[in-house]
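Q: Following is a predicted model, sequence given first.
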Amino acid sequence: MSGGAIQMRAGQRRCFRLVDDHRLLAFVARRQYGKTTTFANIALKKMMKRAGHTVIFGSAKLNLSREIVRKEAAVFQAAITAAMRSLAAGQLAVADSDTGAVPDRLTADDFAGLFEAQRLEFRLFHDRTVYSRTKVVALRPDTVGETGDVMADEVGRINNWRECWEAIEPIVSSDPEFRLLLSTTPPPDDAHYSFEQLAPPPGAVFKPNPEGNVYEVDEMTVLRVDAWDAYADGVPVYSLKDGEPLDPDSHRARYRDKDAWDRNYGCAFITGGSAAVALVPLLAAQNEGAKRGCKYYQDMLPPGWVQACGFRPGVPAVIGVDPATTEGATSNPTGFCASQMDGALHEARALMRYKIQSPKEARAVIVSAVDDLIAAGIPVKCAVLDATSERYWCAETRQEIEPRVPVLLIVSSEREEYEGENVLLKTILGNEAVASLEDHKAAIPPDKCVKDDFRLVRRQKGGFSNEVDTAGNHGDLFDAFKLAYRGHTTDCLETAAEAVQVGAPGISLLPGYRGDRMPMRPGEPDGQERGELFA
């Protein structure tokens, strides 16, 4: 601290203090500010404070090149060496975490080798037999298994950070004294999970402060130190050409890639990248959904759900279903959406995700939802089911529901004319749903799991693909939402009639149609039996 054996910048000192009062703390700082050094100092502080304590330092750079790894090792070694000067000789030792050996002498190469091999462990002895330690590991879901404080360095550069987070969060939840610290600069892709965790609230304005600025995101406290904050503390940015110390504005003016500068030095969370749904319009849709009473349910629709979700009597509703008849712990769930339109605004009044292995029971959920809406005086315009991978189940479900309401079956792998081009239905429906969100014409439940689900959807080569999280979720709620939206924007009866007349792919028959044959698809033999088509 200032005036002590360990010298730190103002923002580093503030982070050093904040960790005492906040269990979840993130340090978002400009490049080369000293985030790793700060964590090394905090690790030493934690080891001194609690005998027998473990600190886990997880480095993203251990998964990168040897040169970067050795550079980080040198930073960590310099911080620890500086700390050792403030301690009595012999209190702090470097050990091989595999063998437990404490070398008498340790060269810089020895140190870097242990760091790179993930066998580096710092031990602070409180007496001859009791010590606290900091263990260095690569940041992967399978490498963080011990309990203690967890420090995750440069999380914005970890490709599978969502899975890492799910692995390390329970560690800190097991003891109120444990801390979970993150450091990073903003990631280049707004689909990265750290973007959602750490982006400041919309409209936030930060004035230059030598100690940085603090804000909250859910339960996370974030300390933000950008180039202007550091400059106010006397830390300039140096010219790439001649090493001249520059103020942030002058440095940015010379920088070729302004977006990169804004992320790396300005600590700006810039919308863009592979996420299909940008964070800001998604949060706006959730805010609108909170005002309108939109609800999210897990596993079942409770009694009175129609009234609880604020469905307006007399206004047509549509049900969208992305089915998956399975119930494994990491298998895909079924996504369900029941929605209404308010002018051009799509209200997803009820979103649900559930896993049921029995096809009959899974079907009963949909039938019951239709009956509940009708009983409450809500006309159901149609139900829209994605039959891409559950064709037989969808065909049987349609047979049961059609006496009540029209049913449209969508096969996402088929194509449709869209603005003069032949485009996959999955792409068309995805574009329609994303446009409704980006144009602020959507309302969805405000729950975090809804946001996480929508953010699993990616743009890829002009189309859409869904990532899968560790629980098997893969944009199921988004897919149900887009199916419901298609139902509202389609004349169900007219579309179904056209399907009967011309054999259009991916579309249901007229409600009540009970012929024993399906309309033909291109290339299928005439007389394809309904049951055989979905075998």
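A: The structure has been received and is ready for your questions. Numbering: from 1, shown residues only.

Q: Okay, domains of this protein per the record?
A: According to automatic domain parsing, the chain comprises the domains 10-264, 290-533.

Q: From the chain's centroid, how far away is the longest one?
A: Centre-to-centre, domain 10-264 and its host chain are 21 Å apart (CA atoms, centre = their mean, to the nearest Å).

Q: for stretch 459-475, same thing?
A: With CA atoms, centre = their mean as the basis, stretch 459-475 stands 11 Å off its chain's centre.

Q: buried ones in that stretch?
A: Taking 16 or more other CB atoms under 10 Å as the neighbour-count basis, stretch 459-475 is seen to contain the buried residues 459, 464-466, 469, 472-475. C-betas here are computed from N, CA, C, even on glycine.

Q: again with stretch 139-153
A: 139-141, 143-144, 148-153.

Q: okay, the residues you listed in a markdown table with secondary structure next?
A: Putting the buried residues of stretch 139-153 into a markdown table (DSSP: H, G, I helix; E, B strand; the rest coil) gives the following:
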| residue | secondary structure |
| --- | --- |
| Leu139 | coil |
| Arg140 | coil |
| Pro141 | coil |
| Thr143 | coil |
| Val144 | coil |
| Gly148 | coil |
| Asp149 | strand |
| Val150 | strand |
| Met151 | strand |
| Ala152 | strand |
| Asp153 | strand |
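
Q: Dump those to CSV, plus distance to Ser194 and pLDDT.
A: What follows is the buried residues of stretch 139-153, written out as CSV (distance: CB to CB, whole Å; pLDDT from 0 to 100):
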residue, distance to Ser194, pLDDT
Leu139, 12, 80
Arg140, 15, 79
Pro141, 15, 80
Thr143, 18, 67
Val144, 16, 65
Gly148, 22, 87
Asp149, 19, 91
Val150, 15, 91
Met151, 15, 90
Ala152, 10, 91
Asp153, 12, 90
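
Q: my guess is Ile158 contacts Ile168, does it?
A: No. Between Ile158 and Ile168 no contact is recorded; they are 11.3 Å apart, counting by CB atoms under 8 Å.

Q: residues shared between the contacts of those two?
A: Listed contacts common to Ile158 and Ile168 are Ala152; contacts here mean CB atoms under 8 Å, 6 or more residues apart in numbering.

Q: of those two, who's got more company?
A: The neighbour comparison of Ile158 against Ile168 (other CB atoms under 10 Å) goes to Ile158, with 25 against 21.

Q: And the strands in the stretch 201-350 of the chain, which stretches?
A: Along the stretch 201-350 of the chain, the segments classed as strands by DSSP state E, counting those that start in this stretch run 213-217, 220-225, 237-238, 245-246, 295-298, 317-322, 334-342, 345-354.

Q: so which of those strands gets nearest Asn422?
A: Distance to Asn422, taken as CB to CB, is lowest for strand 317-322 among the strands of the stretch 201-350 of the chain, at 23.6 Å.

Q: Show me what that closest one is packed against.
A: In terms of contact count using 3 or more CB pairs under 8 Å, 6 or more residues apart in numbering; DSSP states H and E, strand 317-322 is assigned the packing partners strand 334-342, helix 359-375, strand 380-386, helix 476-488.

Q: Pick out the residue closest to the middle of this protein.
A: The centroid of the chain falls nearest to Tyr193 when counting by CA atoms, centre = their mean (3.8 Å).

Q: re the thing from before, closest one of the buried residues of stretch 139-153 to Cys309?
A: Within the set of the buried residues of stretch 139-153, Pro141 lies nearest Cys309; the separation is 36.0 Å, counting by CB to CB.

Q: So the closest one sits against Pro170, correct?
A: No. Judged on CB under 8 Å, Pro141 makes no contact with Pro170 at a distance of 11.6 Å.

Q: contacting residues for the residue nearest to the centre of the chain?
A: 161-162, 165.

Q: Next: Leu483.
A: Remark: with contacts taken as CB under 8 Å, 6+ apart, Leu483 is in contact with 320-322, 337, 384-386, 410, 429.

Q: what do you get for Val367?
A: Val367 makes contact with 400-401, 404 under the criterion CB under 8 Å, 6+ apart.

Q: Contacts only, for Gln12.
A: Shown in contact with Gln12 (CB under 8 Å, 6+ apart): 33-34, 37-38, 41.

Q: pLDDT weak spots in the stretch 51-200 of the chain?
A: Judged by pLDDT under 70, the stretch 51-200 of the chain has its weakly predicted residues at 62-77, 79-90, 92, 103-112, 114-118, 143-145.

Q: Strands of that one, start to end?
A: Using DSSP E, counting those that start in this stretch, strands in the stretch 51-200 of the chain cover 54-59, 92-96, 120-125, 131-138, 149-153, 180-184.

Q: report the angle between the axes of the third one and strand 54-59?
A: If I follow you right, that is strand 120-125. Comparing the axes of strand 120-125 and strand 54-59 via axes from the mean of the first three to the mean of the last three CA atoms, to 10 degrees yields an angle of 150 degrees.

Q: other SSEs contacting strand 120-125?
A: Packing partners of strand 120-125 (3+ CB pairs under 8 Å, 6+ apart): helix 35-49, strand 92-96, strand 131-138.

Q: how about the ones you listed, which one is nearest Arg179?
A: Proximity to Arg179 (CB to CB) singles out helix 35-49 among those, at 7.5 Å.

Q: and that closest one, which residues are buried?
A: 35-48.

Q: Out of the domains of the chain, flag the one nearest Val280.
A: That would be, of those and by CB to CB, domain 10-264, which comes in at 5.8 Å.

Q: residues near Ser239, how many?
A: Other residues lying near Ser239 total 13 when counted by other CB under 10 Å.

Q: Against Ser250, how distant is it?
A: Ser239 is 8 Å from Ser250, where distance means CB to CB, to the nearest Å.

Q: before we move on, what about His192?
A: Distance, His192 to Ser250, using CB to CB: 30 Å.

Q: Looking at the two, which has the bigger crowd around it?
A: Between His192 and Ser250, counted using other CB under 10 Å, His192 has the larger neighbour count: 24 against 14.

Q: Verify the contact between the more buried one and Gly156 for me.
A: Yes. Using CB under 8 Å as the test, His192 is close enough to Gly156 to be in contact (6.2 Å).

Q: wait, isn't Phe195 in contact with Pro186?
A: Yes. Taking contact to mean CB under 8 Å, the distance of 7.0 Å between Phe195 and Pro186 places them in contact.

Q: Lovely, talk soon.
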